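In: Dropping the sequence and predicted coords here.
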Amino acid sequence: MSAVLPERPAKRRPAIVRGLSTLGQAILSNRKATVGAVLLIICIVMAAVPNLIAPGDPNAENFMPGQGPSADNWLGTTSYGQDIFAQFVWGARDSLIIAVVAGLLSTVLSAIIGVAAGYLGGMADGLLSMMTDVFLVIPAFPLVIVLAAYSKSGGNGMIIAVLVLTGWSYGARQLRAQVLSLRHREFLTAARLRGERSWRIITHEILPNMISLLVANFLGASVYAILTAAGLQFIGLGNINANSWGTMLYWAQNNEALQAGIPLWAIVPGLGIATLGGAFALLNYAFDEISNPVLKPARRKKRSKRGAPS
């Protein structure tokens with residue numbers, strides 16, 4: 001008589017795998033988020049391997065100036081004889097780096113200040129909230145221009161620093177409100193009774209429950225960084241010789257591209273900025289669905305009504 005071996009319990013997937021799986025399902029189940037992911041992947045490919053898509057130096061003046069689209073120059077040439085398509089492809093890298101780095105650093109600063117204010121309470125909350133309110137009421141773009149003008153030679157590092165300094169306050173206010181709603185939950189009370197330190201409670205108990213909100217803040221900060229950085233580069237702040245979509249707009253405006261019959265020199269980088277910003281904004285729909293479960297049944301009902309026979 002053979003012994004019956006007990007069934008082995010199914011292995012639980014790591015938290016990061018479960019999180020990525022949930023994120024993937026949310027993106028694939030939402031058409032707008034799927035479109036955003038596709039657009040972002042296209043921008044990432046251009047930024048990662050521009051030399052494979054448009055080989056050579058994008059600033060090389062190898063062609064006749066002011067030419068329209070042709071087999072050799074798909075989007076035409078600039079007033080200096082540079083290939084517009086090559087500049088567009090190579091410009092994706094700087095624009096994406098500024099968006100991601102500035103968005104990430106803004107989110108980190110928002111999390112540090114917002115979570116600390118909400119969890120610590122008392123005088124710490126009062127001081128941090130007052131600092132957040134000050135940055136919220138200051139007009140952001142004029143401050144950005146003033147700061148960038150005083151450090152004009154700093155290049156991308158300066159632009160990122162200015163964007164982080166002016167872009168963290170809104171996210172900090174949101175995260176503080178979320179922490180206040182979690183502060184008296186049972187799992188946090190149990191962690192305090194176990195004698196866990198504040199930093200461990202914040203990193204192991206609070207932040208894992210705010211992942212979707214943190215990512216949503218990152219996406220929002222990235223959109224702000226894309227548009228503001230392009231605005232700064234368009235008016236000539238930062239390194240005007242860098243390869244980015246903002247500097248393409250700067251040179252197109254300086255050379256009156258629209259009046260000179262080279263509209264693609266100005267239109268194409270503008271479409272690139274809009275596409276990258278739109279990709280981050282559309283991806284936010286997936287995180288809205290994760291952080292707000294009420295949206296799921298509502299969308300399913302709409303789909304079922306559309307598919308129901310009349």
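Out: Here it is on my side, so go on. Numbers count the residues shown, from 1 in each chain.
In: Report the buried residues of stretch 76-91.
Out: By neighbour count on 16 or more other C-beta atoms under 10 Å, the buried set for stretch 76-91 is 76-79, 82-91. All C-beta spots, glycine's among them, are computed from the backbone N, C-alpha and C.
In: so can I have a markdown table of those residues showing secondary structure and pLDDT?
Out: Shown next, in a markdown table, are those (DSSP: H, G, I helix; E, B strand; the rest coil; pLDDT from 0 to 100):
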| residue | secondary structure | pLDDT |
| --- | --- | --- |
| Gly76 | coil | 90 |
| Thr77 | strand | 92 |
| Thr78 | coil | 92 |
| Ser79 | coil | 90 |
| Gln82 | coil | 92 |
| Asp83 | strand | 92 |
| Ile84 | helix | 93 |
| Phe85 | helix | 94 |
| Ala86 | helix | 93 |
| Gln87 | helix | 93 |
| Phe88 | helix | 94 |
| Val89 | helix | 94 |
| Trp90 | helix | 94 |
| Gly91 | helix | 92 |
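In: Quick one: the residues you listed as a markdown table, columns for distance to Val137 too.
Out: Formatted as a markdown table, those follow (distance: C-beta to C-beta, whole Å):
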| residue | distance to Val137 |
| --- | --- |
| Gly76 | 45 |
| Thr77 | 46 |
| Thr78 | 42 |
| Ser79 | 43 |
| Gln82 | 43 |
| Asp83 | 45 |
| Ile84 | 41 |
| Phe85 | 44 |
| Ala86 | 44 |
| Gln87 | 39 |
| Phe88 | 38 |
| Val89 | 40 |
| Trp90 | 39 |
| Gly91 | 34 |
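In: between those, which is closest to Arg176?
Out: Nearest to Arg176 among those: Gly91, at 36.8 Å, using C-beta to C-beta.
In: Can you check the pLDDT for the closest residue to Leu163 other than its chain neighbours?
Out: Nearest non-adjacent residue to Leu163, counting by C-beta to C-beta, 6 or more residues apart in numbering: Ala102, 4.1 Å away. Each residue has a pLDDT score; the one for Ala102 is 93.
In: Kindly report the same for the one 3 residues further on.
Out: The per-residue pLDDT reported for Leu105 equals 95.
In: Burial check on it, number of neighbours?
Out: 20 (other C-beta atoms under 10 Å).
In: Low-confidence stretches in the stretch 101-250 of the chain?
Out: For the stretch 101-250 of the chain, applying pLDDT under 70 flags the ranges 151-154.
In: Tell me how many other residues crowd the residue nearest to Leu163.
Out: Ala102 has 25 neighbours, counted by other C-beta under 10 Å.
In: check which helix or strand covers it.
Out: Secondary structure assignment for Ala102, by DSSP states H and E: helix 84-120.
In: same check, this time on Met248
Out: Counting by DSSP H and E, Met248 is part of helix 245-254.
In: Can you name the residues in contact with that helix?
Out: Here helix 245-254 makes contact (C-beta atoms under 8 Å, 6 or more residues apart in numbering) with 78, 87-88, 91-92, 94-95, 229-236, 238-241, 262, 265-266, 268-270, 272-273.
In: Return the alpha-carbon coordinates of that helix using CSV.
Out: The C-alpha trace of helix 245-254 is given here as CSV (Å, rounded to 0.1, in the frame of the first residue of the first chain):
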residue,chain,number,x,y,z
TRP,A,245,13.4,68.5,-29.0
GLY,A,246,13.4,71.8,-27.0
THR,A,247,16.6,73.0,-28.6
MET,A,248,15.2,72.1,-32.0
LEU,A,249,12.3,74.4,-31.4
TYR,A,250,14.8,77.1,-30.3
TRP,A,251,16.8,77.0,-33.5
ALA,A,252,13.6,76.7,-35.6
GLN,A,253,12.2,79.8,-34.0
ASN,A,254,15.5,81.7,-34.3
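In: ok now whichever helix or strand comes after that helix, how far from the chain's centre?
Out: Going down the chain from helix 245-254, the next helix or strand is helix 264-291, by DSSP H and E. Remark: helix 264-291 is offset 9 Å from the chain centroid, using C-alpha atoms, centre = their mean, to the nearest Å.
In: avg pLDDT for helix 264-291?
Out: Across helix 264-291, pLDDT averages out at 85.
In: Residues contacting the helix or strand encompassing Ala148, please?
Out: Assessed by DSSP H and E, Ala148 sits inside helix 140-150. With contacts defined as C-beta under 8 Å, 6+ apart, helix 140-150 is touched by 158-159, 162-163, 165-167, 228, 231-232, 235, 237-238.
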